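1. Show me how the following folds:
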Amino acid sequence: MPFDWEEYQAKKEVKIPEVVKQWEAKWKKFKQSMRWPVLFIILVILWLASGIYIVSPSQVGIVKRFGKMVRTTPPGPHYHLPYPIETVIKPQVTKVRRLEIGFRTISAGPPAQYRTIPEESLMLTGDENIVSVEFIVQYKVKDPVHYLFNVKDIPKTVKDAAEASMRETVGKTPIDEVLTIGKFRIQQETKALLQSILDNYQAGISIVAVQLQDVHPPQAVVKAFKDVASAKEDKSKFINEAQAYRNDILPQAKGKAAQIINEAMAYKETRIKRAEGEMQRFLSRLKAYKQAPKIIRSQVYLDTMEKILAQTREIIVPEKVEKIILPLNQPSQTLPSMEGRKTSLTTRGK
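-> Just a heads-up that it's a prediction; the model follows:
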């Protein structure tokens, strides 16, 4: 029987499609049977991959397992068991948060606009005056675990504690000091008191700064306070002027006093030296008198007469001189001399 090539080719073409169809049917059946397992595996992989997380440099990772904190993680990539087994919270620990007390910012501007909150800003001072105090509080996270789990509402807690601390500090300070030189001390004392309160709460908060923004009397009495301030300025002005006059006159008075004292001391020394000199002269004359009494007596007499006659207005003319009547009642008189020349005589005296 001869080989029929065409019939062989026809049979071959029929068998190949049948094999393909069989394999296609088997593959389809396999895909249908593996669809859900593969999908489940993919979902499990994605679920496990959801535990990868990254903590930024400004954050700290807090991992909770079924709601309970189990560990903290530093900045960098980390892994935790997927939700709902474990979850992670990443609070900002370097961010400085800001609270406004006594006022609220309506618009940052420019120009900035603010709204006063009287129930927060009005406070009683140590001398029972009312003052309006507006300030801000800056804080950041110190302990992220305490920050997240110990206090429910951190901003409200910090605000209430800051307001209470400021009221206590202002309540111990006179209004003049609150309005002028006591602001820095009030800020520091309020900051320390607020920090101690939050530490007692274990809030995990660090107070960065307490800054007074505006301190002024209530609007109803601003004019009266301005008048008082003007009077105090005038008082300070007068005190400064008086102090300047005092500083000017005191050195002059002290200088004059020192001059008078020095002159008195010089006069004292002069009188003492003169008295000592007279005493020494008297003692020396006494010694000479004991040795030659007549000579010393004559010398003393002549010295005394010289002093007396030096002050008299009379002129004594010896007998040998021509008899001329001298005008003793006139201080100066022109008289003729024996040689016919005019001679001027002047009396001696005071």
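2. For the stretch 1-150 of the chain, just list every one of the helices.
-> 5-49, 118-121, 144-149 (DSSP state H, counting those that start in this stretch).
3. Do I have it right that Ile52 meets Leu81?
-> No: in this structure Ile52 lies outside contact range of Leu81 using C-beta atoms under 8 Å: 11.3 Å. For glycine as for every other residue, the C-beta is placed from the backbone atoms N, C-alpha and C.
4. quick one, which of those two is more surrounded?
-> Set Ile52 next to Leu81 and count neighbours by other C-beta atoms under 10 Å: Leu81 wins out with 14 against 11.
5. Show me what the helix or strand where Phe282 lies is packed up against.
-> Using DSSP states H and E, Phe282 sits in helix 222-291. Contact here means 3 or more C-beta pairs under 8 Å, 6 or more residues apart in numbering; DSSP states H and E; on that basis helix 222-291 packs against helix 293-309.
6. what's the spacing between Gln213 and Pro111?
-> 15 Å (C-beta to C-beta, to the nearest Å).
7. So which of the two has more stuff around it?
-> The neighbour count for Gln213 versus Pro111, taken as other C-beta under 10 Å, is higher for Gln213 (14 against 6).
8. The more buried one should be in a strand, yeah?
-> Yes: assigned with DSSP: H, G, I helix; E, B strand; the rest coil, Gln213 falls within a strand.
9. right, and it touches Ile136 too?
-> Yes: with contact defined as C-beta under 8 Å, Gln213 counts as touching Ile136 (6.1 Å).
10. How many residues are close by Gln113?
-> Neighbour tally, Gln113, other C-beta under 10 Å: 11.
11. quick one: it and Arg104 touch, right?
-> No: with contact defined as C-beta under 8 Å, Gln113 does not count as touching Arg104 (9.8 Å).
12. pLDDT below threshold where in the stretch 1-150 of the chain?
-> 1-22, 27, 30-33 (pLDDT under 70).
13. what do you get if the cut-off is 80, keeping everything else the same?
-> The stretch 1-150 of the chain contains residues with pLDDT under 80 at 1-38, 108-110.
14. how much space between Val96 and Ile205?
-> Distance from Val96 to Ile205, by C-beta to C-beta: 11 Å.
15. out of the two, which sits in the more crowded spot?
-> Ile205 (26 against 12).
16. Can you give the domain ranges for this structure?
-> 1-49, 52-89, 97-217 (automatic domain parsing).
17. Figure out the length between the terminal residues of the longest one.
-> Across its full length, domain 97-217 reaches 29 Å between end residues, using C-alpha to C-alpha, to the nearest Å.
18. Please apply the same query to the shortest one.
-> From its first residue to its last, domain 52-89 covers 13 Å (C-alpha to C-alpha).
19. Go through that domain and flag the buried ones.
-> By 16 or more other C-beta atoms under 10 Å, the buried positions in domain 52-89 come out as 55, 59-64, 73, 78, 80, 82, 86-88.
20. returning to what we had before: intersection of neighbour lists for Val96 and Ile205?
-> Here Val96 and Ile205 share the contacting residues Tyr139, Lys140, scored by C-beta atoms under 8 Å, 6 or more residues apart in numbering.
21. Low-confidence regions, the stretch 151-300 of the chain specifically.
-> Using pLDDT under 80, the flagged stretches of the stretch 151-300 of the chain are 219-222, 224-226, 228-229, 285, 289, 296.
22. Dump the buried residues of domain 52-89 to CSV, plus distance to Arg281.
-> Listed next are these as CSV, based on distance: C-beta to C-beta, whole Å:
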residue, distance to Arg281
Val55, 111
Gln59, 108
Val60, 107
Gly61, 113
Ile62, 112
Val63, 116
Lys64, 118
Thr73, 113
His78, 116
His80, 120
Pro82, 128
Glu86, 122
Thr87, 121
Val88, 117
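23. Name the member of those residues with the shortest distance to Glu189.
-> Closest approach between those and Glu189, by C-beta to C-beta: Val60, at 31.2 Å.
24. need the contact list for the closest residue to the closest one other than its chain neighbours.
-> Residue nearest to Val60 in three dimensions, not counting chain neighbours: Pro144, with 4.7 Å by C-beta to C-beta, 6 or more residues apart in numbering. Pro144 makes contacts with Val60, Ile62, Thr72, Pro91, Val93, Gly204, as judged by C-beta under 8 Å, 6+ apart.
25. Double-check the third one against Val55; I have them as touching.
-> Put plainly, it is Thr72. No: using C-beta under 8 Å as the test, Thr72 is too far from Val55 to be in contact (9.5 Å).
26. Give me the common contacts of these two.
-> In contact with both Thr72 and Val55: Gly61, using C-beta under 8 Å, 6+ apart.
27. Now the two most distant members of the contacts of Pro144.
-> So, those by C-beta to C-beta: farthest apart are Thr72 and Gly204, at 12.1 Å.
28. what's the overlap in contacts for those two?
-> In contact with both Thr72 and Gly204: Pro144, Val145, using C-beta under 8 Å, 6+ apart.
29. just to revisit the earlier point, in strands, which of the contacts of Pro144 appear?
-> Ile62, Thr72 (DSSP state E).
30. Including distance to Asp248, could the contacts of Pro144 go into TSV?
-> What follows is the contacts of Pro144, written out as TSV (distance: C-beta to C-beta, whole Å):
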residue	distance to Asp248
Val60	67
Ile62	72
Thr72	71
Pro91	66
Val93	62
Gly204	62
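31. Identify, from the contacts of Pro144, the entry nearest to Gly126.
-> Gly204 (33.1 Å).
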